[in-house]
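J.: predicted structure and sequence below. I'll ask about it afterward.
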Amino acid sequence: MSKNREDSYIFCAALIRASEKTLLPQAELMRAAEAPDFGSAMAVLSEYGYGDGKVPERPRDFVRLLVEEEKRTYDFVFSAVPEKKEIELFRYPKDYHNAKASLKSRFMGTEPDKYLVGGGCFEPEVMVSMIREKNFMFMEPEMKEAVNEASEVFGKGGDPQEVDIILDKACYRQMLRASEETGSSFLTGYVKLMIDMLNLTTFIRLRQIGKPWTFFSKVFLEGGNVSESVFTGNYEESFQKTAEKLAPYGLSEIMEKGGAEVKATGMYSLLEKLCDNRKIEYIKDARYISFGFEPAVAYLIAKDMETKNLRMILTGKISGTPKETIIERLRETYV
């Protein structure tokens, strides 16, 4: 790495470290969760810059507030890193979401507008235009091939689920390739962890609804640390037994406790919480990286998790959810 580039990363890391002080620590999230009402919870958040110190006039305006905060975070982080492409992969899922919506709307002859989301590499309307005009010039190879394949498969069978399967696989192939091109074992490790946890949760969901292992093989995402055979070879085993096989990958607790909760209650909240906590546990290693884009990646993920926590707290306050239930659902924090 050149000296100029190293200096750029030092500056980037300094900006990120300063911004980490605005992240909500667990104690402050708890204070917001224990607040008696929506206004009191927002008062806690305003101390950390949410809403520019003002409580939204209407409680449900907090959704707009969180969307604005997410955009501000992404704009800040992307402006801080010397090379945007190094963290651009975090925008890919939103692009693929819009590609799915655009394809299905084209097949069904409907408008996709209400299903589109911002924050991808392409503006939503650009994605719609590319899909409708079949102009894939600016798409990465994985997306281009997936869109063509999905169009062909849907034309033969008319099953919109096939569109999701094909594009999901392409999304994570593209993310993994992009992470490997950065040369960062930290980033590649995180993408592999995401793939493993998606496969794990899919495994539990399909087992719960009685789908055969052959269907799991069809939707299995390649590229993670856990091979397909670990899952399919234990498809008839208990979640506890399967968890033993996942211990070397740090995923045994998620399988055992999350799977047990799904089997007993049909609820996925604990499974999802355990997966989110594992992500936070992973990115905490970025604290020991002096310079590079890894601290920026960790900050981005930490802010995404903070947004998820705040959405649970504020939605709970609006709906009158007991504070004990809200607290039970909260994810771990980065700070």
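T.: Noted; the coordinates are in hand.

J.: pLDDT on stretch 123-130, on average?
T.: For stretch 123-130, mean pLDDT rounds to 96.

J.: return the set of buried residues in that stretch.
T.: Neighbour counts using 16 or more other Cβ atoms under 10 Å place 124, 127-128, 130 of stretch 123-130 among the buried residues. In short, each C-beta sits where N, CA and C put it, glycine included.

J.: which of those residues sits closest to D164?
T.: Closest approach between these and D164, by Cβ to Cβ: M127, at 15.8 Å.

J.: re the thing from before, could I get the buried residues of stretch 123-130 in CSV, plus columns for secondary structure?
T.: Listed next are the buried residues of stretch 123-130 as CSV, based on DSSP: H, G, I helix; E, B strand; the rest coil:
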residue, secondary structure
P124, helix
M127, helix
V128, helix
M130, helix
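
J.: which pair in the residues you listed spans the largest distance?
T.: Using Cβ to Cβ, the buried residues of stretch 123-130 reach their maximum pairwise distance at P124 and M130, which is 10.9 Å.

J.: show me the helices in the stretch 201-335 of the chain, by range?
T.: 213-219, 228-232, 239-246, 252-253, 259-265, 269-283, 294-319, 323-329 (DSSP state H, counting those that start in this stretch).

J.: any chance of JSON lines for these, columns distance to V163?
T.: As requested, these are exported to JSON lines (distance: least, Cβ to Cβ, whole Å):
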{"stretch": "helix 213-219", "distance to V163": "13"}
{"stretch": "helix 228-232", "distance to V163": "22"}
{"stretch": "helix 239-246", "distance to V163": "30"}
{"stretch": "helix 252-253", "distance to V163": "34"}
{"stretch": "helix 259-265", "distance to V163": "26"}
{"stretch": "helix 269-283", "distance to V163": "24"}
{"stretch": "helix 294-319", "distance to V163": "25"}
{"stretch": "helix 323-329", "distance to V163": "31"}
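
J.: how about the ones you listed, which one is nearest F62?
T.: F62 lies closest to helix 294-319 among the helices of the stretch 201-335 of the chain, at 4.8 Å (Cβ to Cβ).

J.: and that closest one, average pLDDT?
T.: pLDDT averaged over helix 294-319 gives 93.

J.: repeat that for stretch 101-117.
T.: The pLDDT scores in stretch 101-117 average 92.

J.: next, the buried residues of that stretch.
T.: 101-106, 112, 116.

J.: now stretch 152-162
T.: So stretch 152-162, judged by 16+ other Cβ under 10 Å, has buried residues 154, 162.

J.: now the end-to-end length of that stretch.
T.: Using Cα to Cα, to the nearest Å, the end-to-end distance of stretch 152-162 comes out at 10 Å.

J.: any stretches of the stretch 151-300 of the chain with poor pLDDT?
T.: Judged against pLDDT under 70, the stretch 151-300 of the chain has no low-scoring part.

J.: winner for burial among the helices of the stretch 201-335 of the chain?
T.: Greatest average neighbour count among the helices of the stretch 201-335 of the chain goes to helix 294-319 (a mean of 21), per mean count of other Cβ atoms under 10 Å.

J.: what angle separates that one from helix 269-283?
T.: On the basis of axes from the mean of the first three to the mean of the last three Cα atoms, to 10 degrees, helix 294-319 is oriented at 150 degrees to helix 269-283.

J.: so who does E28 touch?
T.: Counting by Cβ atoms under 8 Å, 6 or more residues apart in numbering, E28 makes contact with 44, 47-48.

J.: export those to JSON lines and tack on pLDDT, secondary structure and distance to A33?
T.: Listed next are these as JSON lines, based on pLDDT from 0 to 100; DSSP: H, G, I helix; E, B strand; the rest coil; distance: Cβ to Cβ, whole Å:
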{"residue": "V44", "pLDDT": "88", "secondary structure": "helix", "distance to A33": "9"}
{"residue": "E47", "pLDDT": "85", "secondary structure": "coil", "distance to A33": "15"}
{"residue": "Y48", "pLDDT": "84", "secondary structure": "coil", "distance to A33": "14"}
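
J.: quick one, which of these are buried?
T.: Neighbour counting by 16+ other Cβ under 10 Å classes 44, 48 among these as buried.

J.: any idea which element D196 lies in?
T.: helix 185-208 (DSSP states H and E).

J.: report the buried residues of that helix.
T.: 186-188, 190-204, 206-207.

J.: secondary structure class of the nearest residue to L187 once chain neighbours are set aside, three-state.
T.: Leaving aside its chain neighbours, L187 sits nearest to S179 (4.5 Å; criterion: Cβ to Cβ, 6 or more residues apart in numbering). For S179, the secondary structure call by three-state DSSP comes out as helix.

J.: neighbours of S179, how many?
T.: Using other Cβ atoms under 10 Å, S179 has 24 other residues around it.

J.: residues touching it, list them.
T.: Counted by Cβ under 8 Å, 6+ apart, S179 has contacts 89, 187-188, 190-191.

J.: any idea how far it is from G120?
T.: Using Cβ to Cβ, to the nearest Å, we find S179 at a distance of 17 Å from G120.

J.: do L193 as well
T.: For L193, the distance to G120 - Cβ to Cβ - is 22 Å.

J.: just to revisit the earlier point, tabulate the buried residues of stretch 101-117 (a markdown table), appending secondary structure.
T.: Converted to a markdown table, the buried residues of stretch 101-117 look like this (three-state DSSP):
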| residue | secondary structure |
| --- | --- |
| A101 | helix |
| S102 | helix |
| L103 | helix |
| K104 | helix |
| S105 | helix |
| R106 | helix |
| P112 | coil |
| L116 | coil |
